[in-house]
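> Next come a sequence and a model predicted from it.
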Amino acid sequence: MLANFPPYKLKQLKVVVLTGAGISAESGLKTFRDNNGLWEEHSIEDVATPDGFERNSELVYRFYNQRRRQLLSPDVKPNKAHLALAKLERVLGNNFTLVTQNVDNLHQKSGNKNVLHMHGSLLSARCLRSGHCSAIYSDLDHSNQCDCCQPTNSLRPDIVWFGEMPKFMPQIEECLSQADIFISIGTSGTVYPAAGFVSLANQSGAHTVELNMEPSSGYNEFAEKHYGPATEIVSKFVDTLLKGFNFD
Ligand code: OAD
């Protein structure tokens, strides 16, 4: 599995993981582009663009309210793949960075701390004027007002929509430039800039790994690939990685 990998000491390894909707699929959250995925039932233009929000904010609030309610229901829990990444962070400490395109909180729930939500979070609301973000655990609509401005302003879902700049890009690029291993999990590799991270990691000389149900759009850029359900292949990969290195 890691046959050609240089014999680093585990604690020195800098690992960057990118996750997408596939890692949360077995926790009961829908992906976007699979059969029956969110983008089959909803139009991206309507619910995931600034123009859509201007045209019909009620529809947009409703879409994210439903997803927030589902996320907060007791049925939705981290799965074995989330737990495996929490274990990896416990071993690697600050050398581990988890970049997620997901707007759920399952990585934090499983114990990951160093998580960069590049596409925002369902549990955050953003002031339409100042951009200041605050935690939100209930439904959001125009009646919710910020506490950062005077007079107050409405809040929008703190989700990065198409046409907007993803968050934490300088930090992510810095981590990728230093990575020894880049692991992409549960993403179709169709949305940039995340889809381009494998190229950046390759340019930095990192070992690149794809763990997904099926080959992604950029599968040929990865040095190592394993296909199957995240709950099986992520924990297997993490266990192999942890076994293959000297802890001293
Ligand atoms: P997609 O829905 O595009 O891709 C999900 C990937 O997960 C697919 O390649 C599936 O094959 C794979 N998959 C499904 N079930 C899986 C499982 N149980 N185990 C492992 N893999 C599985 O989702 P993303 O790539 O995350 O952006 O989408 C990227 C972005 O597009 C999202 O963050 C979202 C969306 O539009 C915004 O909303 C801004």
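Right, received. Where do you want to start? Numbers count the residues shown, from 1 in each chain.
> all helices of this protein, in order?
22-25, 38-41, 44-47, 50-55, 57-72, 80-92, 106-110, 169-178, 197-203, 230-243 (DSSP state H).
> Any idea which of these gets closest to residue 142?
Of all the helices of the chain, it is helix 57-72 that lies closest to residue 142, at 6.8 Å by Cβ to Cβ. (C-beta placed from N, C-alpha, C; glycine too.)
> For the most centrally placed residue in the chain, give me its contacts.
Central residue of the chain (Cα atoms, centre = their mean): residue 100, 1.8 Å from the mean position. Contacts for residue 100 (Cβ atoms under 8 Å, 6 or more residues apart in numbering) come out as 18, 19, 20, 107, 115, 116, 117, 118, 119.
> just those now: which is nearest the ligand?
Ranked by distance to the ligand (Cβ to the nearest ligand atom), these are led by residue 20 at 2.7 Å.
> who's in contact with residue 84?
Here residue 84 is in contact with 234, 235, 237, 238, 239 (criterion: Cβ under 8 Å, 6+ apart).
> What about the nearest residue to the residue nearest to the centre of the chain once chain neighbours are set aside, how many residues nearby?
Distance criterion Cβ to Cβ, 6 or more residues apart in numbering; nearest residue to residue 100, sequence neighbours excluded, is residue 19 at 4.6 Å. Per other Cβ atoms under 10 Å, the neighbour tally for residue 19 reads 28.
> is it true that residue 19 touches residue 102?
Yes: because the distance of 6.0 Å satisfies Cβ atoms under 8 Å, residue 19 is recorded as touching residue 102.
> is stretch 69-84 up against the ligand anywhere?
No: residues of stretch 69-84 contacting the ligand under Cβ under 6 Å from any ligand atom: none, with a closest distance of 7.2 Å.
> Would you mind listing the buried residues in that stretch?
The neighbour-count check on stretch 69-84 (16 or more other Cβ atoms under 10 Å) flags 71, 76, 78, 79, 80, 81, 82, 83, 84 as buried.
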